[in-house]
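Asks: Structure for the following, please:
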Amino acid sequence: MGRKIWLGALVATIMVGTTAARGPGLSNARKILFLGNSITRHPPLAEIDWRGDWGMAASAAEKDYVHLVTAAVAKRAGGEPEVLVRNIADFERGYADYDVDGKLRDAFAFDADLVVLAIGENAPEFAAAEDGARFQAAVEKILQGVRVGGKRPIVVVRGCFWPSEAKDERLRAAAEKTGAIFVDIAALGRDPANAASSERPFKHKGVAAHPGDRGMRAIADAILAAVEKSEAE
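Replies: Just a heads-up that it's a prediction; the model follows:
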């Protein structure tokens, strides 16, 4: 699947080729919403020598976790889902004052069947317990937003690739409180083989620290396995 999945309100016009009734389960997912940061999608930026327009730092669009998850869902559903990808790194950096309802209105209205929230890496480490509580409350607001109006999507909260016990604790708590699935990937981030720097050279250390093709595959596999486990329970 070589097609790029774009940021913002540009929605891929790829529709599922099935008439199955909607409901929980990857096989019924007609729409997928990805909310994340540069690991989810980053446009070209010459100053850091990043020339891709997909999840940093996969070697190609089809090798980032967004495209891998989408391809796996398409296989199960019998047709490719409609996809909306949003980079919400600004939420991570300013969660205390972020207008969740206003800035994510289009994402909530997308009415996704599968939602993947993959954030945390850009959020500052918590200086006090109050900061952690504010972060969790803001995350919960997003998780509640995707379920407004009686929606019943599968919701996945992915933990941090660059390990942070404090942030993962809050992400896990927000997931548990709202009935979402938490996926802990800290072990993936601790394995140097999952970093892009293990696969090819990069001029910028920040880009090199992102997941490479192996890391992206591992993230996608972890998300899919967690959803499938939840479906079987």
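Asks: Strands along the chain, start to end?
Replies: For the chain, the strands defined by DSSP state E cover 31-36, 82-87, 114-118, 154-158, 181-183.
Asks: So for the fourth one, mean pLDDT?
Replies: Translated: strand 154-158. Averaging pLDDT along strand 154-158 yields 98.
Asks: Sheet-wise, list the partners of that strand with their directions.
Replies: Taking DSSP bridges as the criterion, strand 154-158 sits next to strand 114-118 (parallel), strand 181-183 (parallel) in its sheet.
Asks: Would you tell me which one of these is buried the most?
Replies: Across the strands paired with strand 154-158, the average number of neighbours (mean count of other C-beta atoms under 10 Å) peaks for strand 114-118, which reaches a mean of 26. All C-beta atoms are positioned from the backbone trio N, CA, C, and that covers glycine.
Asks: ok, residues contacting it?
Replies: 26, 29, 31-37, 39-40, 65, 69, 73, 81, 139, 142-143, 146, 153-158, 180, 219, 223, 227 (C-beta atoms under 8 Å, 6 or more residues apart in numbering).
Asks: Would you pull up how far the longest helix along the chain lies from the middle of the chain?
Replies: Assignment by DSSP state H gives helix 213-232 as the longest helix of the chain. Here the centre of helix 213-232 is set off from its chain's centre by 12 Å, with C-alpha atoms, centre = their mean, to the nearest Å.
Asks: Quick check: buried residues in it?
Replies: 213-220, 222-224, 226-227 (16 or more other C-beta atoms under 10 Å).
Asks: so what's R190 up against?
Replies: With C-beta under 8 Å, 6+ apart, R190 has these contacts: P163.
Asks: Where does pLDDT dip in the protein?
Replies: 1-24 (pLDDT under 70).
Asks: mind checking how far V156 is from E228?
Replies: Here the criterion is C-beta to C-beta, to the nearest Å. By it, V156 lies 11 Å from E228.
Asks: Could you do I48 as well?
Replies: According to C-beta to C-beta, I48 and E228 sit 36 Å apart.
Asks: With G206 instead?
Replies: 33 Å.
Asks: same check, this time on K75
Replies: 13 Å.
Asks: cool, G189 as well?
Replies: 22 Å.
Asks: Also A174?
Replies: From A174 to E228 the distance is 22 Å (C-beta to C-beta).
Asks: cool, A128 as well?
Replies: For A128, the distance to E228 - C-beta to C-beta - is 38 Å.
Asks: ditto for E62
Replies: For E62, the distance to E228 - C-beta to C-beta - is 22 Å.
Asks: before we move on, back to that, would you reformat the buried residues of helix 213-232 as JSON lines and include distance to F135?
Replies: Below are the buried residues of helix 213-232 laid out as JSON lines (distance: C-beta to C-beta, whole Å):
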{"residue": "D213", "distance to F135": "30"}
{"residue": "R214", "distance to F135": "29"}
{"residue": "G215", "distance to F135": "24"}
{"residue": "M216", "distance to F135": "25"}
{"residue": "R217", "distance to F135": "29"}
{"residue": "A218", "distance to F135": "25"}
{"residue": "I219", "distance to F135": "21"}
{"residue": "A220", "distance to F135": "25"}
{"residue": "A222", "distance to F135": "22"}
{"residue": "I223", "distance to F135": "21"}
{"residue": "L224", "distance to F135": "26"}
{"residue": "A226", "distance to F135": "22"}
{"residue": "V227", "distance to F135": "24"}
